[in-house]
Structure formats: structure tokens, C-alpha cells
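> would you be able to build a 3D model of this:
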Amino acid sequence: MSHLCTMNAVVLAGGKNSRINRKKAFIRINSQTIIEKTVRLLQNQFNRVLIISNERDDFTRFSLPVIPDIIKNKGPLGGIYTGLQASDTHHTFFVACDMPFLKEHVITALIEQAEGYDVVIPEHLGYLEPLCAIYSQTCIPVISKNLNTGQLKIKTILNDVRVKKIVWNESDICCEEGTFFNINTNHDLLTALKYAKQQVPVPVIASGR
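Numbers count the residues shown, from 1 in each chain. Predicted coordinates:
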């Protein structure tokens, strides 16, 4: 992008990492951690970047706002709720902290579709990618209702807001680059490390999906 986007970006870094038993944000792929690469990428596109985490001290090195969950133990939906409350722009881009191959042009494609919608979400090989998506302030009351009733799957809010799905298939360049691959398990980590060293083909779907 030739200029910084006026919407904010949020990195969701509050997961429990229960399937991999390590802090995924600080996994090192080649020369840098995933969170370092993600923050640098977002700072190239957005005026303001926030981190959602209940472990503030882990992220002080980035000199960015680190926001604890407003409602604890509500998973990624709770993180999105917190991020929207903390954001001062109508639309906010959200991304998980475990996507090592995220690409700028994919984010740009989402931004370009945001006007007129409350959620802009990729659909990749039949899977929605709610942790690499744009959400608007309009989602706040819908998410609040779902948090209060224990409906914690992000997809549950999509029926009550205006949604734009951007469909990417295996032949599209973002898929060839592994943009939507995320690290859920030790097997995923091994695959990511091998791909980063060009030892295996690009990962398509994480084993933990």
C-alpha cells in the first residue's frame, strides 16, 4: 500500500496454547518470531496496532498498547470484543499471533472490500478464516450478546451482521504462499519450519483444523 490505512489493526495473542505447550507468538521461524514479523507487517499498513493479551509484560518490547481481555476466558471471540472496544476506528483488522506466512497483499484485499460491511472474512478451501478478518464497531452488541449466552464460536455472529466473504482457492497466490496456515500443534510447527527453509511444499491447512 502506498499509504497507511486509517483503520486499526489488532493482534490476538491471548490464547492458552494448550495443543502445543509453548507461547505461539514467540515461536521463531528463521530469524524472527511470529509476533515480530506480524507486528512489522501491520505497522507497514496501519496507523495503529494493538495487542490483546492478559500477559502484558511479554509484549512490552514492542512499545504498543497491550490490552487485557475485558471478559476473561472467552476465547478469540472475547479477544475480538476487547479489540473492538479498544479501537477508535469503525473497522479494525484482526489477526491471530500464530500465522507465520501472512502476506501484505492479502490484508490489502480485505481492506479494499470493507466499506459497507461489518465483517470482511476470507474463505479458503471451504474454511472461513475469522482470525484474519476485518470487523466493525457494529459487531460489538452482537458479540456481547453471544458472550453473555456462552456462544463463543466466531461464526455465530455472522448471521446478525453484514458479511463480505472473499473466496480464495488453492490456485490463488495467497494460498500458494501459505498465508492462512496457522500453527496449532507441534506437527504444524515442524511443517512451518521445513517450509520456511524451502524443504517442503507450502502448507495448505494446519493439522489442528
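> the protein: strands as residue ranges?
8-12, 28-29, 32-33, 49-52, 66-67, 91-96, 119-124, 127-128, 132-136, 163-168 (DSSP state E).
> what residues are up against residue 56?
Counting by Cβ atoms under 8 Å, 6 or more residues apart in numbering, residue 56 makes contact with 66, 68. (Each C-beta comes from the backbone N, C-alpha and C, glycine too.)
> please redo it, this time with the cut-off set to 6 Å
residue 66 (Cβ atoms under 6 Å, 6 or more residues apart in numbering).
> show the pLDDT at it.
Reported pLDDT at residue 56 in the predicted model: 93.
> next: residue 173.
In this model, residue 173 carries a pLDDT of 70.
> for it, which non-adjacent residue is spatially closest?
Setting aside the residues directly before and after it, residue 173 is nearest to residue 105 in space (Cβ to Cβ, 6 or more residues apart in numbering), at 7.9 Å.
> burial of residue 119, as a residue count?
Around residue 119 there are 24 other residues, counting by other Cβ atoms under 10 Å.
> that one and residue 147, how far apart?
Separation of residue 119 from residue 147 (Cβ to Cβ, to the nearest Å): 16 Å.
> what sits closest to residue 132 if chain neighbours are left out?
Going by Cβ to Cβ, 6+ apart, residue 132 has residue 95 as its nearest residue, at 5.2 Å.
> low-confidence stretches in the chain?
Residue ranges of the chain with pLDDT under 70: 1-3, 17-18, 170-171, 175, 200, 202-209.
> does the residue nearest the centre of it have beta-bridge partners, and which?
Central residue of the chain (Cα atoms, centre = their mean): residue 95, 1.4 Å from the mean position. Note on residue 95: beta-bridge partners by DSSP bridges are residue 11, residue 132.
> thinking again about what came up before, so the residue nearest to residue 132 sits against residue 133, correct?
No. Between residue 95 and residue 133 there is no contact under Cβ atoms under 6 Å: 8.2 Å.
> contacts only, for residue 151.
Contacts here follow Cβ under 6 Å, 6+ apart; on that basis residue 151 touches nothing.
> and the gap between it and residue 70?
In terms of Cβ to Cβ, residue 151 sits 17 Å off from residue 70.
> equivalent analysis for residue 174, please.
Distance from residue 174 to residue 70, by Cβ to Cβ: 32 Å.
> who's in contact with residue 66?
Neighbour list for residue 66: 51, 53, 56, 59 [criterion: Cβ under 6 Å, 6+ apart].
> find the pair from those residues with maximum spatial separation.
51 and 56 (8.8 Å; Cβ to Cβ).
> that older thread, who's more crowded, residue 174 and residue 70?
residue 174 (21 against 17).
> look up phi and psi at residue 27.
Per-residue torsions, residue 27: phi -70, psi 130 (degrees, to the nearest 10).
> ok, now how distant is the residue nearest to it when sequence neighbours are not counted from residue 44?
Distance criterion Cβ to Cβ, 6+ apart; nearest residue to residue 27, sequence neighbours excluded, is residue 34 at 5.5 Å. Residue 34 is 16 Å from residue 44, where distance means Cβ to Cβ.
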